[in-house]
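Q: structure, please.
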Amino acid sequence: MTHDTLPRPAKTTRGQAAPPPPPKRRRRHWTKRANPVAGLGSALWLAIVVVPVYAMLSASLTPQDRALTGNPLSPPTDPTLDNYNTVLNSGFGHLLTNTAIVAVAVVAIVLVLSIPLAYVAVRTRDRWSGAAFRLFLLGVAIPAQAVVVPLYLLIAQLDLYDTLLAVILPTAAFAMPVSVLVLVGTLRDVSEDLYEAMALDGATPLRMLFQLTIPLAKGGISTVVIYAALQAWNGFLFPLIFTQSDGPRVLTLGLFNYVSQFGVNIPALLASVVLSGVPIFAVYLVARRALVGGLMGVGGK
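A: Numbering: from 1, shown residues only. Here you go, the predicted structure:
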C-alpha cells in the first residue's frame, strides 16, 4: 500500500483530527419470566375482593323469604329488583342528599384550610413553624372515640346538636391532619428554583400559592379530596352521636331502617349498601389516576 492509499484522518473545521466514534453499546434483551408466586398472590387477592362483592350483589337480588336458604355463593334462582324498589321508596333520596351535602362541605373545609397550612409549613423555615406542624400532626394519633364526649358537650353548647353541621365540623377536623401531611409531602417536591424565579418577578406569596403551588399539587389535592370524601361518606360515629331525628340522617344511619326488633331484611340492607357505594365508587374511578399521582409525588413522578 502506497502513501497515497493510506486512510487519512478526518479533519475538523479547525484542521484537527476528529475523535474516534464511541463504541456501540450492546442492547440488552430483557426476557419476561413467569412469576408463579406473584400470580398466585394476585389471584388470591382478586378472590378476596371479588367474592364478597359477588355475594352482596347476589343476595341483594334474592327474595327476602329465600335470603337464609341455600348456598350464599350460588346465583339467585329467581332474581328480583323488589329489594331495590323497597330501598328507593323508603327515603333513600333524602339520605343520599344529606350524605352528599356532608361530603361536599367536608371536602371544601379541608381544602380551604389544609392547602394554606401545608404551604406555610413548607415555605416557612423557622422553628416555630416546624413545632406547630408537628403539634398539628398529633391529631393523627388521637382517635375520635377518645374525644367524643367533649365534642358532644361542645356541640350541645353551640346549639348544633341534631344538625348537619354537627356531623360536618368534627369530620373535617379529623380529616385535616392526614390531609396536611399528604399536601406537605407533595409541596416539598416543588422545586425551589420555581419559587425563586417567581420572587424575582415580584410575585407575592399569595400569588405563588395560586399560580405555582396549587397547579403543581393537583395530584396531592386529588388525594386529599378522595380521602376527605371517603371519611365523610362512610362516617358512622359522629352521625350516630350528634344526630337524633330523621332530618339530618345520613346513609350509614339509614341502614338501621332495615333492622327491626324481630329480624333483619338482609336483601334490602345489602341493596342499600350497593346503592350507597355507587356514587363514591364512581368518584374513585374518575379520580383514580390523580390519586395514584398524588401518592407518588408531583405529577406522579
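
Q: tell me how far the ends of stretch 205-217 are from each other?
A: Length of stretch 205-217, first residue to last, Cα to Cα, to the nearest Å: 16 Å.

Q: buried ones in it, by neighbour count?
A: Residues of stretch 205-217 classed as buried: 208-209, 212-214, 216-217 (neighbour count, 16 or more other Cβ atoms under 10 Å). In short, each C-beta sits where N, CA and C put it, glycine included.

Q: closest to residue 57 among these?
A: For these, the residue nearest residue 57 by Cβ to Cβ is residue 217; the value is 37.6 Å.

Q: distance of that closest one from residue 125?
A: 19 Å (Cβ to Cβ, to the nearest Å).

Q: OK, contacts around the residue lying closest to residue 230 once chain neighbours are set aside?
A: Sequence neighbours aside, residue 280 is the residue nearest to residue 230 in space, at 6.6 Å (criterion: Cβ to Cβ, 6 or more residues apart in numbering). Applying Cβ atoms under 8 Å, 6 or more residues apart in numbering to residue 280 gives the contacts 229-230, 233-234.

Q: so which helix or strand takes in residue 280?
A: Taking DSSP states H and E as the definition, residue 280 sits inside helix 266-296.

Q: hang on, the earlier thing: as CSV, the buried residues of stretch 205-217 with pLDDT, secondary structure and distance to residue 259 would be great.
A: Below are the buried residues of stretch 205-217 laid out as CSV (pLDDT from 0 to 100; DSSP: H, G, I helix; E, B strand; the rest coil; distance: Cβ to Cβ, whole Å):
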residue, pLDDT, secondary structure, distance to residue 259
208, 87, helix, 53
209, 86, helix, 48
212, 87, helix, 52
213, 87, helix, 48
214, 88, helix, 45
216, 86, helix, 48
217, 86, coil, 43
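
Q: closest to residue 59 among those?
A: residue 217 (42.4 Å).

Q: helices or strands next to the host helix or strand of residue 44 in the packing?
A: Here residue 44 sits within helix 36-60, counting by DSSP H and E. Other helices and strands packing on helix 36-60, by 3 or more Cβ pairs under 8 Å, 6 or more residues apart in numbering; DSSP states H and E, are helix 266-296.

Q: run a quick check on residue 51 versus residue 73, I expect a contact.
A: Yes. Using Cβ atoms under 8 Å, residue 51 is in contact with residue 73, at 7.3 Å.
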